[in-house]
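Enquirer: Need coordinates for the following:
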Amino acid sequence: MTKKKDQLIQQKIHKLDEPNPMYEELNDFERALAHFGTRVELICAMELGSKIDAETAYQNIKMELKELKKVRKKEK
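Expert: Here you go, the predicted structure:
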């Protein structure tokens with residue numbers, strides 16, 4: 001897969017990060033955790049639907065986890 005295609009996939013994933021009123025009272029980590037779950041769910045669905053290969057899905061989830069850990073570190 002090309003880098004350009006990977007970037008387009010990441011853009012589609014992050015479009016889902018629009019605010020949800022249900023999450024207004026959550027702290028930053030809880031909000032990031034909720035978004036992480038949504039993004040992982042989407043990545044898995046894309047892999048199962050053959051839109052991305054397993055390695056790309058793994059790398060995307062790994063990147064999302066890294067971002068989640070950054071937020072967690074800030075909360076401590």
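
Enquirer: So which bits of stretch 64-76 are buried?
Expert: 64, 68, 71 (16 or more other CB atoms under 10 Å). C-beta: built from backbone N, CA, C; applies to glycine.

Enquirer: ok, residues contacting it?
Expert: 27-29, 32-33, 36, 39-40, 43 (CB atoms under 8 Å, 6 or more residues apart in numbering).

Enquirer: Those residues, buried ones only, as a ChimeraX selection?
Expert: To isolate the buried ones among the contacts of stretch 64-76 in ChimeraX, judged by 16+ other CB under 10 Å, type:
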select :29,32,36,39,40,43
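
Enquirer: May I see the contacts of stretch 64-76 arranged in TSV, with pLDDT as well?
Expert: Shown next, in TSV, are those (pLDDT from 0 to 100):
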residue	pLDDT
N27	84
D28	86
F29	90
A32	92
L33	93
F36	96
R39	95
V40	96
I43	95
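
Enquirer: Report all helices and strands that the worst-scoring helix or strand of the chain on mean pLDDT contacts.
Expert: One helix or strand of the chain scores below all others by mean pLDDT, DSSP states H and E: helix 3-14, with a mean of 74. Judged by 3 or more CB pairs under 8 Å, 6 or more residues apart in numbering; DSSP states H and E, the packing partners of helix 3-14 are helix 28-48, helix 54-75.

Enquirer: Of all those, which one is nearest K4?
Expert: For K4, the closest of those is helix 54-75, at 12.8 Å, according to CB to CB.

Enquirer: tell me the angle of the closest one relative to helix 3-14?
Expert: Note on geometry: by axes from the mean of the first three to the mean of the last three CA atoms, to 10 degrees, helix 54-75 and helix 3-14 are set 50 degrees apart in direction.
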